[in-house]
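Peer 1: Could you look at this predicted model? Sequence included:
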Amino acid sequence: MLVDPITSMWSDRLFQATLVVLILALVFTSLEYAASRVARVARKEPAAVGAGAGGSSTEPDDGVAGKRPTRPRSDRYGRIGVSLMILAVLLHAGSIVLRGLATYRWPLGNMYEFTSALCLMAVGAWLVLVYRHPALRPAGVFVLTPVLLLMFVTGTVLYAEAAPVVPALQSYWIIIHVTTITLASGMMLVPGVASLLFLMKRNERPAALAAKLPGAEMLDRLAYRVTVLAFPLYTFGIITGAVWAEAAWGRFWGWDPKETVAFVAWVLYAAYLHARATAGWRSSRAAWINSAGFATIVFNLFFINMVVAGLHSYAGV
């Protein structure tokens, strides 16, 4: 038996469940983002009103003196959203594991599987960042939106039935190379979004959205730190891809369209890290370079894989 249909079916159902849970998470993160400004204004109001000894104090609206005040609505929405994202990560990981068990291979053999794993890495990376820096949580709506779009495209346009991979992919290098590229690409979604939000916050445009974002300095620092972690992984992925290419095609580099665009993305991210350490380039200019790097990865993911023919086209969609 080349494919276990029951396990494959459950893998697909877990993917669908992940999509539903992520939609709910987006709803609650959107509610947190919408309510965050109201909560900040409320916290700035004075704790007491009136004058003199007989002035009355404003107590928490809980009906019991001395009772701990309730959390603001924005905080409750945010906590629910994070909980739903954690559930989505568990469901998504289960879907990918079952896909591998159903096909008796590493579950990164086509565009459906690659993009699915990329989305998992992106949400996982965001959860780690929110755990370390809770103040970033209201920006989760801007991370979940592109992830959900990718998930929808993955489950419709890119969906592929569970099946064995072609002989060219039956190599241990698929575990090393593709997994590393998937991890790095998923992580780079976060700094790509952070840099775009940084530009919005710095320019205060559009004003309605920028006002509710975390501080510009925090967003810039987030983009830099995640890129510092993802860039070595991306570099390692390109190197292992070259080694695999030599074993499969007899050359390390052949300027295949996917190789070329991957190299362009690598140059852009290297330029971003250099610009981030150069006086006069640390803010907006560096953020634009980082955004261009992320756009190049997205271009490579969709246009090069789906439109341009090359040696990497055997993975299909």
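Peer 2: Okay, I see it.

Peer 1: going forward, measure contacts between C-alpha atoms and count neighbours the same way
Peer 2: Will do.

Peer 1: can you list the domains in the chain?
Peer 2: 1-40+72-164, 166-317 (automatic domain parsing).

Peer 1: OK, contacts around residue 223?
Peer 2: 190-192, 194-195 (Cα atoms under 8 Å, 6 or more residues apart in numbering).

Peer 1: now swap in residue 200 and tell me
Peer 2: Residues near residue 200 by Cα under 8 Å, 6+ apart: 206, 210.

Peer 1: change it to 10 Å
Peer 2: 194, 206-207, 209-211, 213, 216 (Cα atoms under 10 Å, 6 or more residues apart in numbering).

Peer 1: Restrict those to the buried ones and give me that as a ChimeraX selection.
Peer 2: Buried members of the contacts of residue 200, defined by 16 or more other Cα atoms under 10 Å, are picked up in ChimeraX with:
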select :194,210,213,216
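
Peer 1: just for this protein, where's the confidence low?
Peer 2: Applying pLDDT under 70 to the chain picks out residues 1, 37-70, 305-317.

Peer 1: what's the distance between the residue nearest the centre of it and residue 172?
Peer 2: Closest to where the C-alpha atoms of the chain average out (Cα atoms, centre = their mean) is residue 122, at 2.7 Å. When distance is defined by Cα to Cα, to the nearest Å, residue 122 is 24 Å away from residue 172.

Peer 1: Dump the contacts of residue 223 to CSV, plus secondary structure and distance to residue 201.
Peer 2: CSV is the format used below for the contacts of residue 223 (DSSP: H, G, I helix; E, B strand; the rest coil; distance: Cα to Cα, whole Å):
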residue, secondary structure, distance to residue 201
190, helix, 16
191, helix, 15
192, helix, 14
194, helix, 10
195, helix, 10
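
Peer 1: Using TSV, lay out these together with distance to residue 243.
Peer 2: Shown next, in TSV, are these (distance: Cα to Cα, whole Å):
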residue	distance to residue 243
190	28
191	28
192	28
194	33
195	32
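
Peer 1: so how far is stretch 107-114 off the chain centroid?
Peer 2: The chain centroid and the centroid of stretch 107-114 are separated by 17 Å under Cα atoms, centre = their mean, to the nearest Å.

Peer 1: Pipe the contacts of residue 200 into a markdown table and attach distance to residue 97 and secondary structure per row.
Peer 2: A markdown table is the format used below for these (distance: Cα to Cα, whole Å; DSSP: H, G, I helix; E, B strand; the rest coil):
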| residue | distance to residue 97 | secondary structure |
| --- | --- | --- |
| 194 | 30 | helix |
| 206 | 41 | coil |
| 207 | 43 | helix |
| 209 | 38 | helix |
| 210 | 39 | helix |
| 211 | 41 | coil |
| 213 | 36 | coil |
| 216 | 38 | helix |
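
Peer 1: circling back: wait, what's in contact with the residue nearest to the centre of the chain?
Peer 2: Going by Cα under 10 Å, 6+ apart, residue 122 touches 89, 143-144, 146-147, 182-190.

Peer 1: Figure out the helix or strand that it lives in.
Peer 2: Taking DSSP states H and E as the definition, residue 122 sits inside helix 111-132.

Peer 1: Sounds good, over and out.
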